[in-house]
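**Q** Need the 3D shape of this:
(one chain, ligands or ions: 1)
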Amino acid sequence: MHREGKPKGFFYLDHRTVDGKHNLITDTYVTAGNIHDSQPYMARLKRQLERFGFNPVGVGLDAGYFTAPICHLLLAEQIYPVLGYRRPTHGANPIRKKQFIYNGQNDTYTCPNGQTLIYKTTSREGYRHYHSDATTCKICPLLSQCTQSKNTQKVITRHIWEADKEKANEIRLSQWGKKVYARRKETIERSFADAKQHHGHRYARFRGRAQVQMQCLLAATAQNIKKIAIKLFLLRFFRLFFNLFNKIQIKNLIYGLNKKINPELYRGLSSI
Ligand code: SF4
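**A** Alright, predicted model coming up:
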């Protein structure tokens, strides 16, 4: 695994899903450490929708899942994506891509010098390429800050599902999106912290994906049993408490009625 802020070496990744209400683990899936987070995601989500009949309004995911295909497929399923934001890595050019304005109507980009970049081709990876006019760029005062290309042509790329990414960004910045994303910290982050601290998730006990999958399933089962037991206990406790509370209230009501009907009785009772 080679990731910023992560240790280097041989690792497995546990792709885990929890429900937003009770924090029960609904899926745990192991991949090798070199598999990108976004790769198994949609297949795992579909499996849960089919198996458990879930009908989620939205999903909260960390920045590793913020890709155009995930945004597109979630919106196609009518599930609101709330995804973490990761700053794009910048190249050597001080002029950034965000300074190029996209014109949706005629499908072009306008550069900071006012030149229009027009669509040329789409790559196999699904990126549309917009090219500038090299002769105009050659005499542009911003050339050295804009591109290092030898033929002085600037190329901007845009994924075919970039609009879905922009929509996901809008959702993330909405009040609702902020609440959903904050809920992640209380659910999935805690679930992983509990697994690491109490269920041996820091280290793989065996070698091989199937064995590690078994370890993750066992940890998830143990965590769910604990969570269900606590929920049931609290449910019974509160039911008992409310029953008691209701009984006292009914007694007080009868007592109050007696007071209204027969003040003498009330006076007599209170003096006992
Ligand atoms: S180098 Fe070309 S694309 Fe870049 S700002 Fe100048 S004219 Fe625009």
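
**Q** just checking, what packs against the host helix or strand of residue 246?
**A** Assigned by DSSP states H and E, residue 246 falls within helix 209-261. When contacts are defined as 3 or more Cβ pairs under 8 Å, 6 or more residues apart in numbering; DSSP states H and E, helix 209-261 sits against strand 12-18, strand 25-32, helix 188-198, helix 263-271. To be clear about C-beta, it is placed using only N, CA and C from the backbone, and glycine gets the same treatment.

**Q** can I get those in CSV with distance to the ligand, mean neighbour count and mean pLDDT?
**A** Output for the helices and strands packed on helix 209-261, formatted as CSV (distance: least, Cβ to the nearest ligand atom, whole Å; neighbours: other Cβ atoms under 10 Å; pLDDT from 0 to 100):
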stretch, distance to the ligand, mean neighbour count, mean pLDDT
strand 12-18, 40, 20, 92
strand 25-32, 40, 18, 94
helix 188-198, 42, 15, 93
helix 263-271, 89, 10, 45
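
**Q** how about those in a markdown table, adding distance to residue 162?
**A** Shown next, in a markdown table, are the helices and strands packed on helix 209-261 (distance: least, Cβ to Cβ, whole Å):
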| stretch | distance to residue 162 |
| --- | --- |
| strand 12-18 | 25 |
| strand 25-32 | 27 |
| helix 188-198 | 27 |
| helix 263-271 | 76 |
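
**Q** what angle separates the helix holding residue 246 from helix 188-198?
**A** 110 degrees (axes from the mean of the first three to the mean of the last three Cα atoms, to 10 degrees).

**Q** Now stretch 101-110: buried residues?
**A** Neighbour-count burial for stretch 101-110, counted by 16 or more other Cβ atoms under 10 Å, picks out 102, 108-109.

**Q** can it be found next to the ligand?
**A** No: counting by Cβ under 6 Å from any ligand atom, the ligand is not contacted by stretch 101-110; separation bottoms out at 8.6 Å.
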